[in-house]
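[1] Provided below for reference: sequence and predicted model.
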Amino acid sequence: MPIKNRFAEMQGEITSWRRDLHENPELMFETHRTAAFVADRLKEFGCDEITTGIGRTGVVATIKGRSDTNGKVIGLRADMDALPILEQTGLDYASKTPGAMHACGHDGHTAMLLGAAKYLAETRNFDGTVVVIFQPAEEGGGGGKEMCDDGMMDRWNIQEVYGMHNWPGVPSGTFAIRPGSFFAAADQIEINVVGKGAHAAKPHEGIDPTVVASKIVLALQTIVSRGVDPISQLVVSITSFETSSNAYNVIPSSVHLKGTVRTMDKEVQKFAEKRINEIVTHTAAAFGAVAEVIYHLGYPVMVNHEAQTEFAAKVATDVSGACDTAPMIMGGEDFAFMLEERPGAYILVGNGDTAPVHHPEYNFDDDAIPAGCSWWAGLAETAMPIR
């Protein structure tokens, strides 16, 4: 089952959808235009049932096969939201919304799943039901969890679920996947350090929270370098350092830090949270300051199920001739919530030699469309063959 000729024929149309979405990016759950665009296309394709407003602004549609002798139902999911980034691509179809950009390729994911939905609705060459899922708020909003909390899996009797993400730096249209832990748990931390403000010329009269916070930032790195087994996957990154004063001659009274913790194992995650609290509070106390940690649990580890990963890799190999083993990725992915509710798998499709995701010069490679669509369609036809 190589790339389907139908998708080569449809590539121009699918590309036009993708570029329309790229021009009109929407953030988080505010994907109203995008959801309407998706719902309109699905209606044109003749999908059997189209439901909007799942997970606030998500869209779910069903496509029934020629028969349904085994009652099998598989879900195929694409994300729809953009990022709060000012685009710098200079493309003719660049974002028309200042400060918002499809810098992660969700426009491509949505367009490819629409292409697959059109093909599956035309051919219906499978025995069972396909549920196509268009999700908002993957970029930090937990839209996948919102859709699951809305009862999506039970409402449509989804038995397995599959997702896909483009990956720059990998040849366009090729695939990579791995079983087990794949994308990291992505937690957020906030640290408030309170000292005593003073004149910068009289530091002895205050308790300088900038010095304390600096010590904390450095000490937190020992959690990775000295606290866990070197083969464990752990990232602790402080990404924001904000003082209560920006004057050159004032020692501020407080400092606010923000950062992220990425883990692939729940025990490592628990250990990291414990050590962050200990290091922060005790380091501050050593200098006479006070500090607190606010630890926000984010997306869980995204874990591919073994049997479904093997199946997804087989379909990818049928499409492109091979499927590589992907590395563990310390980025977060809220498809993890769907994989906690149902067995399934998540795969990477190559985006060619492009800027990385979340970069202002990133652009989805439209040459990947036929392969991506063929994989989506191949999942349905292979998992639910006509007997």
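    Now that the structure is in, tell me what you want to look at.

[2] alpha carbons only for contacts and neighbour counts from here, please
    OK.

[3] burial count for residue 123?
    11 (other CA atoms under 10 Å).

[4] What residues does it make contact with?
    With CA atoms under 8 Å, 6 or more residues apart in numbering as the criterion, no residue contacts residue 123.

[5] buried sites along the helix or strand encompassing residue 293?
    Following DSSP states H and E, the helix or strand that holds residue 293 is strand 290-299. For strand 290-299, burial by neighbour count (16 or more other CA atoms under 10 Å) applies to 290-291, 293, 295, 298-299.

[6] What is the nearest of the residues you listed to residue 43?
    residue 299 (32.4 Å; CA to CA).

[7] mind checking how far the closest one is from residue 103?
    Distance, residue 299 to residue 103, using CA to CA, to the nearest Å: 20 Å.

[8] try residue 325
    With CA to CA as the criterion, residue 325 and residue 103 are 25 Å apart.

[9] returning to what we had before: elements contacting the strand holding residue 293?
    strand 185-194, helix 266-286 (3 or more CA pairs under 8 Å, 6 or more residues apart in numbering; DSSP states H and E).

[10] Determine which stretch of these is the most buried.
    Using mean count of other CA atoms under 10 Å, the stretch among the helices and strands packed on strand 290-299 with the largest mean neighbour count is strand 185-194, at a mean of 22.

[11] Give me the sheet partners of that strand and which way each runs.
    With DSSP bridges as the test, strand 185-194 is paired with strand 254-263 (antiparallel), strand 290-299 (antiparallel).

[12] Adding mean pLDDT and distance to residue 236, write the ones you listed out as JSON lines.
    Shown next, in JSON lines, are these (pLDDT from 0 to 100; distance: least, CA to CA, whole Å):
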{"stretch": "strand 254-263", "mean pLDDT": "98", "distance to residue 236": "5"}
{"stretch": "strand 290-299", "mean pLDDT": "97", "distance to residue 236": "12"}
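
[13] could those go into a markdown table alongside distance to residue 95?
    Converted to a markdown table, the strands paired with strand 185-194 look like this (distance: least, CA to CA, whole Å):
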| stretch | distance to residue 95 |
| --- | --- |
| strand 254-263 | 28 |
| strand 290-299 | 28 |
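
[14] who wins for proximity to residue 64 among those?
    Closest among the strands paired with strand 185-194, using CA to CA: strand 290-299, at 32.1 Å.

[15] Give the rounded mean pLDDT of the next helix or strand after that closest one.
    Toward the C-terminus, strand 290-299 is succeeded by strand 302-304 as the next helix or strand (DSSP H and E). Per-residue pLDDT over strand 302-304 has a mean of 97.
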